[in-house]
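In: pasted the sequence and its predicted model underneath.
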Amino acid sequence: HSDIVEINQYETLEITCDADSDYTKPCHNVTFTVTASGGLPPYSWNWTFGDDTSQAGSGLGEDEPLEVSHHYSNNTSEAVVYEACVTVTDNCGYSDTCCQNITVYPELTAECTVSRNYTKVCHNVTFSGTGIGGLPYPDVCADYHWQWNFNDGTIAFGTGYASGNVSHHYDDAGNYTAVFTVGDDCLDNTATCNVTIEVFPPLTAECEAAPRQTKVCHNVTFSGTGVGGLPERICNNYTWTWQFGDDTDPVTGDGYTSGNVTHHYAEAGNFTAIFTIWDNCLDNEATCNVTVEVFPPLTAECDADPNPTKVGDNVTFTGTGVGGLPERICSNYTWEWDFGDDTDPATGNGYSSGAVSHGYTSAGNYTAVFTIRDDCMDNEATCNVTVEVFPPLDVTCGVEPERVHVCHEVEFWAKRVGGVDGHNYTWQWDFGDGDTSTEQNPTHTYMCVDNWTATVTLTDAQLGNNATCSTTVEVYIEGPELYNPENNETV
């Protein structure tokens, strides 16, 4: 007999394969799908991913898609193409292979820069950022976006692989970390980059002058410094200028501070000195003003009244400062009167001595010296006045002849003794018989017999002083003697 063999004819084994994306990024899963038909199921399968890794299994049914996930690495800066192949084998040992190319792009990173990593408040700096690696833009992925977070509550954002140049300024001083983020919406990749920027206060200036009140030709010390702005560790390119406001050449130098600069003014007045500092790194400029009051040199004026004078009379001395620091600024003035006669000087406080009385006990010419001192700036000024002191006023007198016949003329004379030369003097004669004269050396005729006393008064019209002198004249009559019974006398 013969066996009957039933032969089944199957369709040829065929497989199809696919991946959910033909590109990916490192460590991002790609889902591979394989479907088999024909041949004698069930099927076994084996995926080789092209990166020396594989995955195998069995139990694949006909027309039943099988999904397998795999992720790739890429440590280079270039895209790497991997060929992933799957081989399916049926129960009869027939097999079929299908391959799929997967491009693995480098990891998306970010680069960012800032035009300078220091600035001042309200001064623009330029930020720029770009993606590095990732999916090529825009050929593979056109859906990129970026953002700058300036860490001061503000952000800038846009679309694309790079931000281009973005300007921003900070309103407050401090250290800020600005964060650039770039992402693609194709694979949800993001990358960040940080830049740190130091923001400094605006550059201002402080200045001083000592003293602020001074005298002509006395040195004033000026000092100025920058405040805020860029510190010298960042910007060592500072310059400064002092302009003194008096048409003299300015003083200039390098650095954040001027140190001590001395200057004197040749004329009195109010001068505004200006300190200017420049930061040549950011073209910053700041100024500071200080006003200096410049007073005339301290001098002195003085006087003595009356002058000339006579021994024993009080003289009023007055002295005052002229120029120098006014008392509203310097209340520490002292004065002294030296009268030039070996007596103790008169002293006091203030800008003026007021009226100081002094009398001389001997005749002569005396040089009285008034000295005023400003103890604020160690100034001193003097003034001299020469006082002529004459002896006391007196007068001598006489008559010629001293004995005269009635109705005969006599001559009186008077002479000043002492007193002040150059003063106006008046003479007043009283002849004792009711007649007077204002002449210095008058003549007079007595009409009656008697012993007459004539008195002359000499007056200093300027001082009001006077002196007197008297002289006697005997007036007689010649002829026979007559008896006067009323007084029992013979005349």
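Out: Alright, I've got the coordinates. Residues are numbered from 1 along each chain as shown.
In: right, and Trp427 touches Asp460 too?
Out: No. Counting by Cβ atoms under 8 Å, Trp427 sits too far from Asp460 to count as a contact (11.6 Å). Where C-beta positions appear, they are placed from N, C-alpha and C, glycine not excepted.
In: center of this structure - which residue?
Out: In the chain, the C-alpha nearest the mean C-alpha coordinate belongs to Cys207, at 2.6 Å (Cα atoms, centre = their mean).
In: how about that one, what does it touch?
Out: Listed by Cβ atoms under 8 Å, 6 or more residues apart in numbering, the contact partners of Cys207 are 222-225, 273, 275, 288-290.
In: so which of the residues you listed sit within strands?
Out: Counted as lying in strands by DSSP state E, out of the contacts of Cys207, are 222-225, 273, 275, 288-290.
In: identify the residues contacting the residue nearest to Gly324 when sequence neighbours are not counted.
Out: Using Cβ to Cβ, 6 or more residues apart in numbering and skipping residues adjacent in sequence, the residue nearest Gly324 is Leu298, 3.1 Å away. Applying Cβ under 8 Å, 6+ apart, we find Leu298 in contact with 215, 321-325, 372, 374, 379-381.
In: just the buried ones from the ones in strands among the contacts of Cys207?
Out: By neighbour count, with 16 or more other Cβ atoms under 10 Å, those hold 222-225, 273, 275, 288, 290 as buried.
In: tell me the one of these nearest Gly350?
Out: Ranked by distance to Gly350 (Cβ to Cβ), these are led by Val290 at 29.9 Å.
In: and Asp184, what does it touch?
Out: Residues in contact with Asp184 (Cβ under 8 Å, 6+ apart) are 108, 131, 134-135, 137, 141, 143-144.
In: so can I have JSON lines of the residues you listed showing pLDDT?
Out: What follows is the contacts of Asp184, written out as JSON lines (pLDDT from 0 to 100):
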{"residue": "Leu108", "pLDDT": "95"}
{"residue": "Gly131", "pLDDT": "96"}
{"residue": "Gly134", "pLDDT": "94"}
{"residue": "Leu135", "pLDDT": "94"}
{"residue": "Tyr137", "pLDDT": "94"}
{"residue": "Cys141", "pLDDT": "94"}
{"residue": "Asp143", "pLDDT": "95"}
{"residue": "Tyr144", "pLDDT": "97"}
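In: now list the buried members of those residues.
Out: Buried members of these, scored by 16+ other Cβ under 10 Å, are 108, 131, 134-135, 137, 141, 144.
In: lowest-confidence helix or strand of this structure?
Out: Across the helices and strands of the chain, mean confidence by mean pLDDT, DSSP states H and E is lowest for strand 483-484: a mean of 50.
In: coming back round to it: turn the contacts of Leu298 into TSV, including distance to Trp47 and neighbour count.
Out: TSV is the format used below for those (distance: Cβ to Cβ, whole Å; neighbours: other Cβ atoms under 10 Å):
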residue	distance to Trp47	neighbour count
Lys215	102	21
Gly321	111	25
Val322	113	14
Gly323	108	16
Gly324	106	26
Leu325	102	23
Ile372	113	27
Asp374	106	21
Asn379	106	21
Glu380	110	14
Ala381	112	20
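In: Asn237: which of these is nearest?
Out: Of all the contacts of Leu298, Asn237 sits closest to Lys215, with 38.7 Å by Cβ to Cβ.
In: what sits against that closest one?
Out: Counting by Cβ under 8 Å, 6+ apart, Lys215 makes contact with 294-298, 323-325, 377, 379.
In: ok, 7 Å please
Out: Counting by Cβ atoms under 7 Å, 6 or more residues apart in numbering, Lys215 touches 294-295, 297-298, 324, 377, 379.
In: please report how far it lies from Ala209.
Out: Distance of Lys215 to Ala209, given as Cβ to Cβ, to the nearest Å: 14 Å.
In: the closest residue to Tyr446 other than its chain neighbours - how many residues pack around it?
Out: Leaving aside its sequence neighbours, Tyr446 sits nearest to Val475 (Cβ to Cβ, 6+ apart; 4.4 Å). Using other Cβ atoms under 10 Å, Val475 has 20 other residues around it.
In: list the buried residues of the helix or strand where Val475 lies.
Out: Secondary structure from DSSP states H and E places Val475 in strand 466-476. Residues 467, 469, 471, 473, 475 are the ones in strand 466-476 that count as buried (16+ other Cβ under 10 Å).
In: next one: stretch 305-321
Out: By neighbour count with 16+ other Cβ under 10 Å, stretch 305-321 contains the buried residues 306-311, 313, 315, 317-321.
In: name whatever forms a beta bridge with Cys207.
Out: Beta-bridge pairing for Cys207 (DSSP bridges): Gly224.
In: distance of it from Cys92?
Out: Counting by Cβ to Cβ - Cys207 and Cys92 are separated by 102 Å.
In: which parts of the stretch 201-350 of the chain are helices?
Out: In the stretch 201-350 of the chain, no segments count as helices under DSSP state H, counting those that start in this stretch.
In: which non-adjacent residue is nearest Thr291?
Out: Here the residue nearest Thr291, using Cβ to Cβ, 6+ apart, is Thr272, at 5.3 Å.
In: tell me where the stretch 1-150 of the chain has helices.
Out: Remark: helices of the stretch 1-150 of the chain are absent; assignment by DSSP H, counting those that start in this stretch.
In: any regions of it where pLDDT drops low?
Out: Low-confidence segments of the stretch 1-150 of the chain (pLDDT under 70): 1-9.
In: mind redoing it with 50?
Out: Residue ranges of the stretch 1-150 of the chain with pLDDT under 50: none are present.
In: quick one: the strands in it?
Out: Secondary structure of the stretch 1-150 of the chain by DSSP state E, counting those that start in this stretch: the strands cover 14-19, 23-24, 30-37, 43-48, 54-60, 66-70, 80-89, 95-104, 109-114, 118-120, 125-132, 144-149.
In: off-centre distance for the shortest one?
Out: Read that as strand 23-24. Centroid separation between strand 23-24 and its chain, computed with Cα atoms, centre = their mean, to the nearest Å, is 66 Å.
In: before we move on, what about the fourth one?
Out: Mean C-alpha position of strand 43-48 versus that of the full chain (Cα atoms, centre = their mean) differs by 86 Å.
In: mind giving me the packing neighbours of it?
Out: strand 30-37, strand 54-60, strand 80-89 (3 or more Cβ pairs under 7 Å, 6 or more residues apart in numbering; DSSP states H and E).
In: repeat that for the shortest one.
Out: Strand 23-24 is packed against strand 95-104, with contacts defined by 3+ Cβ pairs under 7 Å, 6+ apart.
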